[in-house]
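here is a sequence together with a model predicted from it:
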Amino acid sequence: MFGRPGPSGRRRARRGRLRPASIVPAVLVVALAVAGLSYPADRAHAAEPVGIHKIKHIVIIMQENRSFDSYFGTYPGADGIPMRNGVPTVCAPNPKTGNCDQPYLDNADKNYGGGHSHADVLADIDGGKMDGFVKV
């Protein structure tokens, strides 16, 4: 803290540049003080969340090869399969039967669906026409 003795033999105060090692702690103390001022000191008075804001986490577990419509497509009020009087208003053309296959509720844990090979996928996509999904 003090420099060399002066002509009078007394030590004089050191003057000059501040060392970086002495600046860093000072800046850190000021930063922590400012951060402390911006944080609410008394969290007990913070308003408790209500309604949907009480939800902290949502966990979604989805089975393989399922979609929103697989789970909720026929659920009343869900934006799933378009329905009128409980009957789907959409269908997928079936080239084998010439009919249109409507979506249906399948409660089975296992359903085998269509083929899963690369060739099956290419046939389903059909060069971008996306019309091969019923061809089984």
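Here it is on my side, so go on. Numbers count the residues shown, from 1 in each chain.

mind listing the strands for this protein?
For the chain, the strands defined by DSSP state E occupy 2-5, 11-13, 83-84, 87-88, 92-93, 100-101.

got the phi/psi numbers for residue 89?
Phi and psi for residue 89, reported as degrees, to the nearest 10, are phi -100, psi 0.

what about it, neighbour count?
10 (other CB atoms under 10 Å). Every C-beta, even on glycine, is put in place using the N, C-alpha and C of the backbone.

so where's this structure shaky on pLDDT?
By pLDDT under 70, the low-scoring segments of the chain are 1-22, 34-45, 65, 113, 135-136.

switch to 80 and redo it
1-46, 61-71, 74, 95, 104-116, 131-136 (pLDDT under 80).

starting at the chain centroid, how far to stretch 95-109?
Mean-position distance between stretch 95-109 and its chain equals 33 Å (CA atoms, centre = their mean, to the nearest Å).

start at 29, not 1
Let's use 29 as the start, then, which means that last one is stretch 123-137.

residues of that stretch that come out buried?
Using 16 or more other CB atoms under 10 Å as the test for burial, stretch 123-137 gives residue 131.

now what about it, what contacts it?
Outside stretch 123-137, the residues that touch it by CB atoms under 8 Å, 6 or more residues apart in numbering are 97-98, 101-102, 109, 115-116, 118-122, 162-164.

ok, now with 7 Å
Applying CB atoms under 7 Å, 6 or more residues apart in numbering, the contact partners of stretch 123-137 are 97, 101, 102, 109, 116, 119, 120, 121, 122, 162, 163.

ok, now which ones touch the first one?
In this case it means residue 97. Counting by CB under 7 Å, 6+ apart, the residues that residue 97 touches are 108, 109, 131.
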